[in-house]
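# next one to model:
(2 chains)
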Protein chains: 2
Amino acid sequence: MSGPRYTDVVAGLPANVPFVGPEAHQRETGRVFRARLGANESVFGPSPKAVEAMREAAAGAWMYGDSESHDLRHALAGAHGVAPENIMVGEGIDGLLGNLVRLVVAPGDAVVTTDGAYPTFNYHVAGFGGVLHKVPFSGDHEDPDALIDKAAETGAKLVYLSNPNNPMGSRHPAATVARMVERVPEGTLMVLDEAYVEFAPDGTAPAIEAEDPRVIRMRTFSKAYGLAGARVGYAIGAADLIARFDRIRNHFGMTRISQAGALAALGDRDWLAHVQGEVDRARRRMAGIATANGLEALPSATNFVAIDCGRDGDFARAVLAEMMSRDLFVRMPGVAPQDRCIRVSCGTPADLDVLEEVLPQALAAARGG
Amino acid sequence: MSGPRYTDVVAGLPANVPFVGPEAHQRETGRVFRARLGANESVFGPSPKAVEAMREAAAGAWMYGDSESHDLRHALAGAHGVAPENIMVGEGIDGLLGNLVRLVVAPGDAVVTTDGAYPTFNYHVAGFGGVLHKVPFSGDHEDPDALIDKAAETGAKLVYLSNPNNPMGSRHPAATVARMVERVPEGTLMVLDEAYVEFAPDGTAPAIEAEDPRVIRMRTFSKAYGLAGARVGYAIGAADLIARFDRIRNHFGMTRISQAGALAALGDRDWLAHVQGEVDRARRRMAGIATANGLEALPSATNFVAIDCGRDGDFARAVLAEMMSRDLFVRMPGVAPQDRCIRVSCGTPADLDVLEEVLPQALAAARGG
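This is a model prediction of the structure:
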């Protein structure tokens, strides 16, 4: 008796996963994090209206969710001034990226991204047998021209840009992104991941015609709306592209409770403004904490701050390990020279008290090590 | 400007979807169903403990769910007497089937199923470019020998058996399934979909060594546990196969609320027994309603009943249309000769009052038409 015969693509995939979650860390160490600032979750929580909507929806969980996420899709269309046919709701941006890659990437197809950008995108590309071509950051910013040049050179099916960028927190103004869209090569689709855009200054999200066939935008309820654990993302794109998702997606994959929660969250603009204010306050305090420790906090257009530890990646990794061992959950960029930084999500005042306490200890331990 | 270049597989996929949900029907007609008996949901609802667990988890939805569904996986392992490494939790059986097909089916690979069995499995096979080979039902039962023979003949990567069967409600005893497992050809993986097994008599689920490389079992919280809208299914299989899912799945795809709900539901054996009793009561009454209308209800090992309308598929389709137009949501098998039946999910007493009222009207209208 032998096992199943995996596809060639699957047989070649490594066992590592894009991210180890905080619960998995805790199980490994047998300890509990004092502050959870590693996954860019919104510690400020979802709108109370969203919580109430989810609580009310719980008893109705015996019913499959609406396979078309109709009400949420229509509300999103209204919010963005596009047609419902331009919106696809999915199981987080992660789920949507997986389906998008599946739509266009066959084994051997080229895809372009920034070295050190979102690992889960890379995971999906590899998972469908795509060949990743990476261009370096340019001064902690993604490099639109280099990305486009590489896409043209490789005949890429997809070119990925996150704006604002994760993990650095940097951003390009809308005009730069719009120019990048204009340069997208024929036959390439640009994936504009705007997961953090609600934290960015006005003038970050470019105006893009929904029917523009060159670009698909990704948005999420996981960050500013505080619903990471509910798994709701959405894509905005040309109706023909959006309709293609219906040929491959898990139609009843959106939970009923999550649809209700996201719809209520979308309607609570006051809560969004509250969270934006809290994030701004946290970013300022975190910059102060960095400065007080002789470090530099990079400017952030997101709900996290990259703190430059001032030496190389090995040093930052040591600082991170010391923070983790002091029960503060944080993460860091994976490639040089961005890996000179640690990445800390915006926290509540109590969370940042922990950061303020732990960072100097971790630095001292890493320097002494 | 042209659109994206889809893969050859995707370019060849049709636009139709496996199921149209009841909400979509309602939007189309502008009417509201009086009874929702078409999707084999559990109208008896989830355990009150599951509802409470989900309500309590709502405020914590800002946190990503545990990417390993650790607590649920371990509880399931305990319940089944297998190792946690033999359990994969996923976004319903639909989501797990999609990932399973992706693991083994490359374009052109053969897959064997029963003509008229679960359409969503077929949808996933087509979605990854697999070639479906279908064998007919044998007297409203799936035909294990024919399935195995066809798998051997075609060199199939997967052979699918649902036991109990959807949409007919029939079942094979455990010994028959065990014999089928013994006959699985080298290099074929048997997919044993046991979504409805909690409604079947003892002696339906065979004992299978979790590490048996020939078979993977699928179970769900969508049916007996009343959590269709929470999207929680699980697979039981050899640890090597289960681990392969980690190389392709959406790791943070399980919502935090759903994990909490499923864990609580699993622990409430009294509620499960209550639901099983209600389903049994409903099946008996539905059989009586069928008989009173001169029709035959097929024996059911599930939470639905196939009612033989006594003529051909066109007649049953007419009956179904008349029921739908009278605001009773039901479905029916898609292929002959099983399409002589309509498929009605077990309802509450109030739901079955609607069935009792509407069925004779629908029959009369269909006969008069």
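# only C-alpha atoms for contact and neighbour calcs from this point on.
Will do.
# can you pull the contacts of the closest residue to A:Ser162 other than its chain neighbours?
If you skip the residues right next to it in sequence, A:Ser162 has A:Asp193 as its closest partner in space, 4.4 Å away by Cα to Cα, 6 or more residues apart in numbering or on different chains. Taking Cα atoms under 8 Å, 6 or more residues apart in numbering or on different chains as the criterion, A:Asp193 is in contact with A:Tyr160, A:Leu161, A:Ser162, A:Asn163, A:Arg217, A:Met218, A:Arg219.
# ok, A:Leu72 next?
With contacts defined as Cα under 8 Å, 6+ apart, A:Leu72 is in contact with A:Gln259, A:Ala260, A:Ala262, A:Leu263.
# quick revisit: backbone torsions only: list them for the residue nearest to A:Ser162.
As for A:Asp193, its main-chain torsions (degrees, to the nearest 10) stand at phi -90, psi 110.
# what residues are bridge-paired with the closest residue to A:Met168 other than its chain neighbours?
Beyond its immediate neighbours in the sequence, the residue positioned closest to A:Met168 (Cα to Cα, 6+ apart) is A:Ala306, lying 5.6 Å away. Legend: beta-bridge partners of A:Ala306 under DSSP bridges are A:Arg343.
# tell me how far A:Ala306 lies from chain B.
In this structure, A:Ala306 and chain B are separated by 20 Å, where distance is defined by Cα to the nearest Cα, to the nearest Å.
# one more: A:Arg326?
Applying Cα to the nearest Cα, the value for A:Arg326 to chain B is 20 Å.
# A:Glu357 is in contact with that residue, correct?
No. If you go by Cα atoms under 8 Å, A:Arg326 and A:Glu357 don't touch, sitting 9.9 Å apart.
# mind checking which of those two has more residues around it?
When neighbours are counted by other Cα atoms under 10 Å in any protein chain shown, A:Arg326 and A:Glu357 differ, and A:Arg326 comes out ahead with 20 against 12.
# ramachandran coordinates for the residue lying closest to that one once chain neighbours are set aside?
Distances taken as Cα to Cα, 6+ apart place A:Val358 nearest to A:Arg326, at 6.9 Å, with adjacent residues excluded. The phi and psi values for A:Val358, taken as degrees, to the nearest 10, are phi -80, psi -40.
# what parts of the stretch 151-300 of chain A come near chain B?
By Cα under 8 Å from any Cα of the partner chain, the part of the stretch 151-300 of chain A that sits against chain B consists of A:157, A:186-189, A:213-214, A:222, A:226-231, A:241, A:244, A:246-248, A:250-251, A:253-257.
# ranges for the strands of the stretch 251-369 of chain A?
For the stretch 251-369 of chain A, strands defined by DSSP state E, counting those that start in this stretch occupy the ranges A:296-297, A:304-308, A:328-329, A:341-345.
# just give me the residue right at the centre of chain A.
Residue closest to the average C-alpha location in chain A (Cα atoms, centre = their mean): A:Ala195, at 5.2 Å.
# can you pull the contacts of it?
Taking Cα under 8 Å, 6+ apart, we find A:Ala195 in contact with A:Ile93, A:Ser162, A:Asn163, A:Pro164, A:Met218, A:Arg219, A:Thr220, A:Ser222, A:Lys223.
# let's see it at 10 Å
Shown in contact with A:Ala195 (Cα atoms under 10 Å, 6 or more residues apart in numbering or on different chains): A:92-93, A:162-166, A:217-224, A:233-234, A:302.
# shouldn't it be within a strand?
No. According to DSSP: H, G, I helix; E, B strand; the rest coil, the state of A:Ala195 is coil, so it is not within a strand.
# gap between it and chain B?
Relative to chain B, A:Ala195 is positioned 15 Å away (criterion: Cα to the nearest Cα).
# what of A:Thr120?
Counting by Cα to the nearest Cα - A:Thr120 and chain B are separated by 9 Å.
# that residue: which element?
Assigned by DSSP states H and E, A:Thr120 belongs to helix A:119-127.
# that helix: what's the following helix or strand?
Using DSSP H and E, the helix or strand that directly follows helix A:119-127 along the chain is strand A:131-135.
# so which elements touch that next one?
Contacts of strand A:131-135 with other secondary structure elements, assessed using 3 or more Cα pairs under 10 Å, 6 or more residues apart in numbering or on different chains; DSSP states H and E, are made with strand A:110-114, helix A:119-127, helix A:144-154, strand A:158-162.
# now the ones you listed in TSV, with mean neighbour count and mean pLDDT?
TSV is the format used below for the helices and strands packed on strand A:131-135 (neighbours: other Cα atoms under 10 Å in any protein chain shown; pLDDT from 0 to 100):
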stretch	mean neighbour count	mean pLDDT
strand A:110-114	27	98
helix A:119-127	23	98
helix A:144-154	20	98
strand A:158-162	27	98
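# of all the ones you listed, which one is nearest A:Ala365?
Distance to A:Ala365, taken as Cα to Cα, is lowest for helix A:119-127 among the helices and strands packed on strand A:131-135, at 29.0 Å.
# how far does the closest one sit from the chain's center?
Distance of helix A:119-127 from its chain centroid, counting by Cα atoms, centre = their mean, to the nearest Å, is 13 Å.
# how about that helix as PDB, C-alpha atoms only?
Output for helix A:119-127, consisting of C-alpha atoms alone and laid out as PDB, is shown next (Å, rounded to 0.1, in the frame of the first residue of the first chain):
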ATOM      1  CA  PRO A 119       5.200  36.000   2.400                       C
ATOM      2  CA  THR A 120       1.700  34.600   2.000                       C
ATOM      3  CA  PHE A 121       1.500  35.900  -1.500                       C
ATOM      4  CA  ASN A 122       4.800  34.200  -2.300                       C
ATOM      5  CA  TYR A 123       3.400  31.000  -0.600                       C
ATOM      6  CA  HIS A 124       0.500  31.000  -2.900                       C
ATOM      7  CA  VAL A 125       2.600  31.600  -6.000                       C
ATOM      8  CA  ALA A 126       4.900  28.700  -5.100                       C
ATOM      9  CA  GLY A 127       1.800  26.600  -4.200                       C
END
